[in-house]
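>>> Model the following, please.
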Amino acid sequence: MSEHSDNIISIYRKYVLQTYANDLLFVRGKGSSLWDADGREYLDFTMGISVCNLGHCHPAVTKAIRQQAAKLVHISNLYINELQPVLAQKLVSNSFGEGAAFFCNSGAEANEGMIKLARKWGSDKGRFEIITMDDSFHGRTLATLAATGRAKYRKGFEPDTPGFSHVPFNNLQALEEKISDRTCAVMLEPVQGEGGIIPADAEYLKAVRALCDRKGVLLLFDEVQCGMGRTGTLFAWQAYGVQPDAFSLAKALGNGYPIGAFVIREGLRGVLTAGTHASTFGGTPLACAAACAVLDTIESKKLLERSNKMSRYFFRKLRALQKKYSAIRELRGKGLMIGIAMEGDVKEYLKRAREKGLLVISAGENVIRILPPLTVSRKEIDRAVDIIDQSVGGS
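Got it, this is the predicted structure:
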């Protein structure tokens, strides 16, 4: 490591709160690649944890940010900016057809907004409880932490914010038994990310929709990680043909520029009225310019079609690897949201891959999480699979 790297990392250790266990300094990115401060190139199949779905520094997003930054950055939501309605229209027209969007800055805020929507909707009925899933992850604020089913994230922050309960994922009976006259909503990820890259069963999701309709509760989808083309459709729920009452977005919506949102069906438009919810930096002209460029690029470059093609190729290569190693228990996922379930902890595999120039992360303790950009090439997939092969094989 160079003197420059050592110096920056030393300053980081001294002045930045150490809530992350990290030791690698990156200074540049392009497409599927990152370069550290010493000039070494890495194949990045984390994409900021499904944030840079178009790859690092995509030219269309960079151009949109540069142009808007020179024009207008922020005016507050006490006034209308010309790009926020355009972005809202794109999200609504590509999902519900009729409805509305609220803009914020992160996935946790988007989920907080949906929680407030559900509670406000249920307030005059005495309904306030929200049921979420075991092994789910919905954010790090106190409310979204309470909603999160992975208990390890809540440890040390007790008592949990009241009004949340958890049931096993893909288990309809458990959900039905938990719903009461105090329940206002069911919230879940169509594909669990932190929980191990676990897709919802198609019949389960359809049954959940029917159950919510029958019980008169809202169905909310958290698409913060699995949305924006990650699973092969623009929004993950579209592949299931199961429409929620509202869904959240963030991460890849701005391809690295912070922006979050939740989108509601038309019938819920009157729930959150003036003064009931707000965000200082939600939907700024700059953030909306980035997000509009992302959506336009996904459409114009036919990236959903491309990512599905690359997904089939990637899974085919990984299935061949699975036959080679008994340590690979299962392949999971949809589109380019891929999990390799291993025997035991995956830390050593991740370390070996990084040493060989591939960045992948874990999902849970025993799953290698792979999140390449939607623009990934066959050559890059081949290189990644070769490194995973060497990492699992210990060579």
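>>> and after the helix or strand hosting Gly48, which helix or strand comes next?
Using DSSP states H and E, the element containing Gly48 is helix 47-50. Once helix 47-50 ends, the next helix or strand along the chain (criterion: DSSP H and E) is helix 59-69.
>>> Export only the CA atoms of that next one, formatted as CSV.
Taking Å, rounded to 0.1, in the frame of the first residue of the first chain, the C-alpha atoms of helix 59-69 are listed here in CSV:
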residue,chain,number,x,y,z
PRO,A,59,-22.0,8.8,-19.0
ALA,A,60,-25.7,9.6,-19.2
VAL,A,61,-26.1,10.0,-15.5
THR,A,62,-22.8,12.0,-15.2
LYS,A,63,-24.0,14.3,-18.0
ALA,A,64,-27.4,14.8,-16.4
ILE,A,65,-25.8,15.6,-13.0
ARG,A,66,-23.3,18.1,-14.5
GLN,A,67,-25.9,19.9,-16.5
GLN,A,68,-28.4,20.2,-13.6
ALA,A,69,-25.7,21.2,-11.1
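>>> next helix or strand past it?
Counting by DSSP H and E, what follows helix 59-69 is helix 84-93.
>>> Quick one: residues in contact with that next one.
Residues outside helix 84-93 that contact it (Cβ atoms under 8 Å, 6 or more residues apart in numbering): 98-101, 103, 249, 261, 263, 283, 285, 288, 291-292, 295. Using the backbone N, CA and C atoms, a C-beta is placed for each residue, glycine as well.
>>> Stretch 18-35 too?
5, 8-9, 36-37, 41-45, 52, 55-57, 354, 359, 372-373, 375-377, 380.
>>> give me that answer again for 6 Å
Stretch 18-35 has contacts (Cβ atoms under 6 Å, 6 or more residues apart in numbering) with 5, 8, 36-37, 41-44, 55-57, 373, 376, 380.
>>> Mind listing residues that contact stretch 382-393?
Under Cβ under 6 Å, 6+ apart, the answer for stretch 382-393 is Leu43, Phe45, Lys317, Leu321, Tyr325, Tyr349, Arg352, Ala353, Lys356, Leu358.
>>> The same query, at a cut-off of 8 Å, please.
Applying Cβ under 8 Å, 6+ apart, the contact partners of stretch 382-393 are 43, 45, 314, 317-318, 321, 324-325, 327-328, 340, 342, 349-350, 352-353, 356-358, 360, 368, 370, 372.
>>> Next, the closest residue in space to Glu223 that isn't next to it in sequence: secondary structure please.
Distances taken as Cβ to Cβ, 6 or more residues apart in numbering put Phe247 closest to Glu223, at 5.1 Å, once the chain neighbours are dropped. Taken by DSSP: H, G, I helix; E, B strand; the rest coil, the conformation at Phe247 corresponds to strand.
>>> Now do Phe247 against Leu218, distance only.
Noted for Phe247: a distance of 11 Å to Leu218, by Cβ to Cβ, to the nearest Å.
>>> Can you tell me which helices and strands the helix holding Gly48 packs against?
If you count contacts as 3 or more Cβ pairs under 8 Å, 6 or more residues apart in numbering; DSSP states H and E, helix 47-50 packs onto no helix or strand.
>>> Can we start the residue count at 8 from this point?
Shifting the count to begin at 8 puts that one at helix 54-57.
>>> since we're on Arg73, how many residues are nearby?
11 (other Cβ atoms under 10 Å).
>>> what pLDDT, on average, does the helix holding Gly55 get?
For helix 54-57, mean pLDDT rounds to 98.
>>> List of residues touching that helix?
Residues contacting helix 54-57 (Cβ under 8 Å, 6+ apart): 60, 62-63, 200, 232-233, 237, 258-259, 263, 344, 368, 378-380.
>>> Please repeat the previous calculation with a cut-off of 6 Å.
Contacts of helix 54-57 (Cβ under 6 Å, 6+ apart): Gln232, Arg237, Lys258, Ala259, Leu378, Pro380.
>>> Next: stretch 157-173.
Outside stretch 157-173, the residues that reach it (Cβ under 6 Å, 6+ apart) are 135-139, 141-142, 144, 149-150, 152-154, 156.
>>> Run the chain-centre distance for that stretch.
21 Å (Cα atoms, centre = their mean, to the nearest Å).
>>> what's the answer for stretch 183-202, then?
Worked out by Cα atoms, centre = their mean, stretch 183-202 lies 18 Å from the chain centre.
>>> May I see the buried residues of it?
By 16 or more other Cβ atoms under 10 Å, the buried positions in stretch 183-202 come out as 186, 190-202.
>>> Next: stretch 363-379.
Buried, per 16+ other Cβ under 10 Å, within stretch 363-379: 363-371, 373-379.
>>> Which pair of those spans the longest distance?
Gly364 and Gly371 (24.4 Å; Cβ to Cβ).
>>> Would you map the helices across the protein?
Counting by DSSP state H, the chain has helices at residues 10-22, 54-57, 66-76, 91-100, 114-129, 149-154, 179-185, 209-222, 244-247, 292-307, 310-331, 354-362, 385-400.
>>> Going by neighbour count, list what's buried in the fourth one.
It refers to helix 91-100. Gln91, Leu94, Ala95, Lys97, Leu98, Val99.
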